[in-house]
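Engineer: Coordinates for the following, if possible.
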Amino acid sequence: MAIPESSVGGQPPPDGAVRLICDVDDGGVHVVSRRRLAKVAPPTESFGDADPTAPRSGFWIEVRDAQGRTRYRRAVPDPLTDRHEAPGPNGSFVQIRGRGSDRFALLVPEIEDGEDVVLMRGTPIAGAAAGGGPRRATGEIARLSLRDQRQAPR
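Structural biologist: The predicted structure follows:
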């Protein structure tokens, strides 16, 4: 795995990581525990476009500083979905509806000025954008504090 030369915010890659264990209930997403780890988080992703505010599809996490600037970004599987791919007939795969997990973990780099982990989702919406491509709705799903209850590295 390649270590990034710099993060989204232009800072050198951090030496540690933070693992957040989160619960999901009708009230939203809540952090159950935060733990500093002596390990390297997966590298940040740029999403390949010059406009960081451009709408996109999928699910991703961002570490943001107190001014709301993105310091780290990574696409991840959607931990809040209740549809899963399962083997179907004749070697095919089908989407089945199932109960989503009530608990999931996130691993992000420990960035000195990182304040929050933001869970983001982009979904296609009906109609076409001016350029003829599909329009996307991008939105914040949850904002989780990195500052509360930090523990020593393991």
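Engineer: Please identify the helix or strand for Glu36.
Structural biologist: One thing to correct before we go on: residue 36 is Arg, not Glu. Using DSSP states H and E, Arg36 sits in strand 28-37.
Engineer: Adjacent strands (with direction) for that strand?
Structural biologist: strand 17-25 (antiparallel) (DSSP bridges).
Engineer: Now the strand it pairs with: buried residues?
Structural biologist: Applying a neighbour-count criterion of 16 or more other C-beta atoms under 10 Å, one finds 17-20, 22, 24 buried in strand 17-25. Backbone N, C-alpha and C define where each C-beta goes, glycine included.
Engineer: Next, find the distance separating Ala17 from Ile111.
Structural biologist: Distance, Ala17 to Ile111, by C-beta to C-beta, to the nearest Å: 10 Å.
Engineer: Give me the below-cutoff pLDDT ranges for this protein.
Structural biologist: Applying pLDDT under 70 to the chain flags the ranges 1-14, 47-55, 82-84, 97-101, 124-137, 148-154.
Engineer: now the strands for it?
Structural biologist: 17-25, 28-37, 58-65, 70-75, 83-87, 93-97, 103-109, 114-128, 134-145 (DSSP state E).
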